[in-house]
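Asks: Model the structure of this input:
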Amino acid sequence: MKLLFVHQNFPGQFLNLAPEMQRLGHDVRALTDVVNKTTSAVPMWRYTFKAEAVDPAATRLGRNYTTMSDRGVIVARAAQRLRAEGYVPDVIFGHSGWGETLFLKEVWPEAKLLVYAEFYYSGQGADVGFDPEAGPVGFDQVMIAQGRATHLGQALLHADAGLSPTEWQASRHPGPLRRMIEVVFDGVDCDRLVPDPAARFTLPNGQVLAPGDEVLTFVNRNLEPYRGFRTFMRALPAVLAARPEAQAVIVGGDEISYGSKPVGGGTWRETMLAEVGGALDLGRVHFVGNVAYDRYVDLLHVSRVHAYLTYPFVLSWSMVEAMAAGALVVGSRTAPVEEVIEDGVTGRLVDFFDIAGWSAALTDALARPEAYLAMRTAARAAVRARYDLRAVCLPRQVALLERLVR
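Replies: Numbers count the residues shown, from 1 in each chain. Below is the predicted model:
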């Protein structure tokens, strides 16, 4: 088949699927934003999108749709040029999050359109209003959040099918849209993430960590409240006080992926160090920024305990990868995490805001690794059974694409 992936930051969620379709002999191409500097074995066309300034007073609740649909128009015009050159895909698989797929059926009505339906925004029941520290949520904020779903609903209405990575993320879509969605996780490379006793991770100070060391890890693209950074940092002083040999390794940048910046300015890392830094042994707290994937895998292999928190929102790959790598995951008792971790069987769950509970759970897991060995083994087995890239997820994704053509 001729298969076109559309993603402003390609490969994104198609990191493994696109090369797999190539390997199977299909004609695979990608359409992405010109600002995306990623290289790939998949041939890429690039479009140029410069967002126009939006007047909130004029667009009101439509301001998000205005930006997303503007991008959709640019992508559709790029598609028109490709069609004029004779390119017509059999299947288009695009992420709906930035409006890129909105008008592609107008250009290629004969193509099947599959959209990656990652998260359907709403004013209630998910991230909005979850964190009391974010301030009270008035009805205006609820309507704004609901308005952010406009382009997501339109993208599915004009598609032939949707795909979501988890049942909970799929369930956030209204009933008629949910019926269009198949749930297939992106996949975890369990062969690469197999526990490795030879793994080593070198800290910025030159100290080398190895499996068996008392290592606590926290990983996110950026350090921010949506991913529980405040809770983790508030729990950390008691953990380090109780475990004088423990090393806390924190991966993540200082930008904002979700939510907002601190009210007083600066970064969330600076904000939390100002709050709890005086109670921390900072010689054992290692902020390593964003790291290359190979180093990240090494870190998971030396981790004794991995803390993962998230609002009711998109589930991070890192949590499932940590389970596959053999670390004990202590996760937040929020819906996306509860779908993957069974408390006391494949990991531990703690209420998102329970600082004392987090300190106690992390301390105990660091202190008694032998008590959690069966849990770590069960976690890895569960990930292999449900989320293994090659045995489970890729075959299901490929079958979905091929079924669309048939």
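
Asks: just the helices in the stretch 1-150 of the chain please.
Replies: When assigned using DSSP state H, counting those that start in this stretch, the helices of the stretch 1-150 of the chain occupy the ranges 17-23, 56-59, 63-84, 104-107, 139-147, 150-157.

Asks: Geometric centre of the protein: which residue is closest?
Replies: In the chain, the C-alpha nearest the mean C-alpha coordinate belongs to Ser316, at 3.6 Å (Cα atoms, centre = their mean).

Asks: need the contact list for it.
Replies: The contact partners of Ser316, by Cβ atoms under 8 Å, 6 or more residues apart in numbering, come to Val219, Asn220, Arg227, Tyr308, Thr310. Any C-beta I mention is one placed from the backbone N, CA and C, and that applies to glycine too.

Asks: and the first one, how many neighbours?
Replies: Neighbours of Val219 under the rule other Cβ atoms under 10 Å: 26.

Asks: Report the distance from the one helix or strand it maps to to the chain centre.
Replies: Applying DSSP states H and E as the criterion places Val219 in strand 215-222. Put simply, strand 215-222 sits 13 Å off its chain's centre (Cα atoms, centre = their mean, to the nearest Å).

Asks: Which residues does it contact?
Replies: By Cβ under 8 Å, 6+ apart, strand 215-222 touches 201, 209, 227, 229, 232, 239, 246-257, 290, 296, 299-300, 302-308, 316, 318, 322, 327, 362, 366.

Asks: Mind checking which of the residues you listed land in strands?
Replies: 201, 209, 247-253, 305-308 (DSSP state E).

Asks: ok now do the nearest residue to Ala79 once chain neighbours are set aside, which residues does it touch?
Replies: Computed as Cβ to Cβ, 6 or more residues apart in numbering, the closest residue to Ala79 that is not its neighbour in sequence is Val107, at 4.2 Å. For Val107, the contact set (Cβ under 8 Å, 6+ apart) comprises Ala76, Ala79, Gln80, Arg83.

Asks: Adding distance to Ala126, pLDDT and neighbour count, write those residues out as CSV.
Replies: CSV is the format used below for those (distance: Cβ to Cβ, whole Å; pLDDT from 0 to 100; neighbours: other Cβ atoms under 10 Å):
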residue, distance to Ala126, pLDDT, neighbour count
Ala76, 30, 98, 19
Ala79, 32, 98, 27
Gln80, 36, 98, 14
Arg83, 38, 98, 13
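
Asks: Which of these sits closest to Tyr65?
Replies: Nearest to Tyr65 among these: Ala76, at 15.4 Å, using Cβ to Cβ.

Asks: Assess the claim that that closest one and Leu104 are in contact.
Replies: Yes: taking contacts as Cβ atoms under 8 Å, Ala76 lies within contact range of Leu104: 6.2 Å.

Asks: which regions of the stretch 151-300 of the chain lie under the pLDDT threshold?
Replies: Applying pLDDT under 70 to the stretch 151-300 of the chain flags no residue at all.

Asks: make it 90
Replies: Filtered on pLDDT under 90, the stretch 151-300 of the chain yields the residue ranges 259-260, 264.

Asks: go on, the stretch 301-406 of the chain?
Replies: The stretch 301-406 of the chain contains residues with pLDDT under 90 at 406.

Asks: re earlier: of the contacts of strand 215-222, keep whichever come out buried.
Replies: Among the contacts of strand 215-222, those classed as buried by 16 or more other Cβ atoms under 10 Å are 201, 209, 227, 229, 232, 239, 246-254, 256, 296, 299-300, 302-308, 316, 318, 322, 327, 362, 366.

Asks: circling back to that earlier point, of the contacts of Ser316, which is the nearest to Trp358?
Replies: Lowest distance from Trp358 to the contacts of Ser316 (Cβ to Cβ) belongs to Tyr308, with 11.3 Å.

Asks: For Met1, see how far away the closest one is.
Replies: Per Cβ to Cβ, to the nearest Å, Tyr308 is found 37 Å from Met1.

Asks: and if you look at Arg295?
Replies: 37 Å.

Asks: Any idea how far stretch 10-18 is from the middle of the chain?
Replies: Counting by Cα atoms, centre = their mean, stretch 10-18 is centred 13 Å from the centre of its parent chain.

Asks: do stretch 128-147 as well
Replies: Worked out by Cα atoms, centre = their mean, stretch 128-147 lies 22 Å from the chain centre.

Asks: What residues sit buried inside that stretch?
Replies: Neighbour-count burial for stretch 128-147, counted by 16+ other Cβ under 10 Å, picks out Val128, Gly129, Phe130, Asp131, Ala134, Val137, Ile144, Ala145, Gln146, Gly147.

Asks: Including pLDDT and distance to Leu31, could these go into CSV?
Replies: Shown next, in CSV, are these (pLDDT from 0 to 100; distance: Cβ to Cβ, whole Å):
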residue, pLDDT, distance to Leu31
Val128, 90, 32
Gly129, 89, 36
Phe130, 93, 35
Asp131, 93, 36
Ala134, 86, 36
Val137, 86, 37
Ile144, 88, 30
Ala145, 89, 29
Gln146, 90, 29
Gly147, 91, 27
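
Asks: need these in a markdown table with distance to His26, can you?
Replies: Shown next, in a markdown table, are the buried residues of stretch 128-147 (distance: Cβ to Cβ, whole Å):
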| residue | distance to His26 |
| --- | --- |
| Val128 | 40 |
| Gly129 | 44 |
| Phe130 | 41 |
| Asp131 | 44 |
| Ala134 | 45 |
| Val137 | 46 |
| Ile144 | 41 |
| Ala145 | 38 |
| Gln146 | 38 |
| Gly147 | 38 |
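
Asks: Just give me the closest of those residues to Pro262.
Replies: Nearest member of the buried residues of stretch 128-147 to Pro262, counting by Cβ to Cβ, is Ala134, at 11.4 Å.

Asks: so Pro56 touches Asn64, yeah?
Replies: No: using Cβ under 8 Å as the test, Pro56 is too far from Asn64 to be in contact (10.3 Å).

Asks: The two: which is more packed in?
Replies: Asn64 (19 against 9).

Asks: and the more buried one, what is it in contact with?
Replies: So Asn64 contacts Gly147, Arg148, Thr150, His151 (Cβ under 8 Å, 6+ apart).

Asks: any idea how far the closest residue to the last one other than its chain neighbours lies from Thr59?
Replies: In this structure, His151 finds its nearest non-sequential neighbour in Met68, 4.1 Å apart by Cβ to Cβ, 6+ apart. Counting by Cβ to Cβ, the gap between Met68 and Thr59 amounts to 12 Å.
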